[in-house]
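[1] Mind looking at a prediction? Sequence and model below.
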Amino acid sequence: MLRVGVLVSGGGTNLQAILDAEKSGVIRHAKVVYVLSNNASAYALQRAASAGIANECISPSSFETREDFHRALLAAIEREQLDLIVLAGYLVKLPDEMIQRYRGRIMNIHPSLIPSFCGKGAYGLKVHEQALSRGVKVTGVTVHFADERYDCGPIIAQRPLVVEEGWSVAELEAHIHEVEHELYPDVIQLLAEGRVHVGADGRVVVDPAH
Ligand code: GRF
């Protein structure tokens with residue numbers, strides 16, 4: 001059973017989808033044991049508490065230096081002995097040291113088909129605004145491993161979404177969320193089954209189901 005930590009900053013609908021997927025049996029070989037937020041008022045923390053999961057806020061603003069914050073963050077992650085770190089709307093850039101220590105064990109979900117509409121500053125509704133103003137007919141969701149850059153790590157899975165004429169930013173976001181809530185649990189289960197490998201060329205290969 002993989003010990004999973006979920007890092008959040010906001011509402012936590014993806015966290016909720018993961019917890020629901022544990023209950024429904026979509027996720028069978030992994031368990032969320034820890035939820036961390038940089039934001040004490042993140043509703044995601046309440047979701048964790050309601051589910052009886054250990055949770056805490058470690059905020060950069062309560063530390064004098066970024067280094068102190070990074071030290072506290074790493075100490076908490078180490079203490080929890082996590083096998084997998086799932087970024088679910090976590091808006092803080094992870095320290096390089098943490099990426100190096102957990103390479104291949106930190107996943108992120110991004111609400112577009114990378115490499116479109118991603119990188120520094122492309123988060124939240126901005127991603128959907130960019131997609132709609134570019135007039136794309138298809139967008140989607142990407143799950144990838146985290147590396148030292150924004151949205152650049154090896155891509156594990158992508159799922160497309162056809163954009164319908166006249167959708168508002170809020171409508172597009174709602175449809176993207178539906179896709180995310182299916183895809184993220186599926187990918188966590190794939191990883192937990194040991195079927196996800198990063199090749200020497202930096203590309204991900206997923207073993208077929210037996
Ligand atoms: C999601 O759209 C995810 O793709 C992005 O942040 C959002 C988090 O939403 N990284 P929620 O907090 O899970 O509702």
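    Cool, the structure landed.
[2] Tell me the residues of the protein that contact the ligand?
    Among all residues of the chain, those adjacent to the ligand (criterion: CB under 6 Å from any ligand atom) are G10, G11, G12, T13, N14, A44, A88, G89, I109, H110, P111, E180. In this view, the C-beta of every residue, glycine as well, is placed from N, C-alpha and C.
[3] If we use 8 Å, what do you get?
    Contact residues (CB under 8 Å from any ligand atom) of the chain with the ligand: 8-17, 42, 44, 87-91, 108-111, 123-124, 127, 141, 173, 176-177, 180.
[4] Just the buried residues of those.
    The neighbour-count test (16 or more other CB atoms under 10 Å) applied to the residues of the chain next to the ligand identifies 8-17, 42, 44, 87-90, 108-111, 123, 127, 141, 173, 176, 180 as buried.
[5] Against A21, how distant is D83?
    With distances defined as CB to CB, to the nearest Å, the gap from D83 to A21 amounts to 17 Å.
[6] for G89, same thing?
    G89 sits 17 Å away from A21, taking CB to CB as the criterion.
[7] count of neighbours near G104?
    The criterion is other CB atoms under 10 Å. On that basis, G104 has 16 neighbouring residues.
[8] On the three-state scheme, it is what?
    Under the three-state scheme (DSSP: H, G, I helix; E, B strand; the rest coil), G104 adopts coil.
[9] just checking, it touches H144?
    No - taking contact to mean CB atoms under 8 Å, the distance of 11.3 Å between G104 and H144 leaves them out of contact.
[10] centre of the chain versus stretch 71-88, how much separation?
    Here the centre of mass of C-alpha atoms in stretch 71-88, compared against the chain's by CA atoms, centre = their mean, to the nearest Å, lies 14 Å away.
[11] Outside of that stretch itself, which residues are in contact with it?
    2-8, 12, 14-15, 18, 30, 32-34, 36, 44, 54, 56, 58, 63, 94-95, 97-98, 101-102, 105-109, 146, 184, 188, 191-192 (CB atoms under 8 Å, 6 or more residues apart in numbering).
[12] now for the helix ranked longest in the chain, which elements pack on it?
    For the chain, the helix that runs over the most residues, judged by DSSP state H, is helix 169-192. Helices and strands in packing contact with helix 169-192 are listed as strand 2-8, helix 13-24, strand 30-37, strand 84-87, strand 106-110, helix 125-134, strand 138-145, strand 155-162; criterion 3 or more CB pairs under 8 Å, 6 or more residues apart in numbering; DSSP states H and E.
[13] Can you add mean pLDDT and give those back as JSON lines?
    Written out in JSON lines, the entries for these read as follows (pLDDT from 0 to 100):
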{"stretch": "strand 2-8", "mean pLDDT": "98"}
{"stretch": "helix 13-24", "mean pLDDT": "98"}
{"stretch": "strand 30-37", "mean pLDDT": "98"}
{"stretch": "strand 84-87", "mean pLDDT": "98"}
{"stretch": "strand 106-110", "mean pLDDT": "98"}
{"stretch": "helix 125-134", "mean pLDDT": "97"}
{"stretch": "strand 138-145", "mean pLDDT": "98"}
{"stretch": "strand 155-162", "mean pLDDT": "98"}
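[14] Would you mind saying which of these lies nearest S50?
    Distances from S50 to each of the helices and strands packed on helix 169-192 were compared by CB to CB, and the smallest falls on helix 13-24, at 9.2 Å.
[15] With just CA atoms, put the closest one into CSV.
    What follows is helix 13-24 as a C-alpha-only set of coordinates in CSV (Å, rounded to 0.1, in the frame of the first residue of the first chain):
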residue,chain,number,x,y,z
THR,A,13,-12.0,19.0,-5.3
ASN,A,14,-9.2,16.8,-6.7
LEU,A,15,-8.3,15.7,-3.1
GLN,A,16,-12.0,14.8,-2.6
ALA,A,17,-12.0,12.8,-5.9
ILE,A,18,-9.0,10.9,-4.7
LEU,A,19,-10.6,10.1,-1.3
ASP,A,20,-13.8,9.1,-3.0
ALA,A,21,-11.9,6.8,-5.4
GLU,A,22,-10.3,5.1,-2.4
LYS,A,23,-13.8,4.4,-1.1
SER,A,24,-15.2,3.2,-4.4
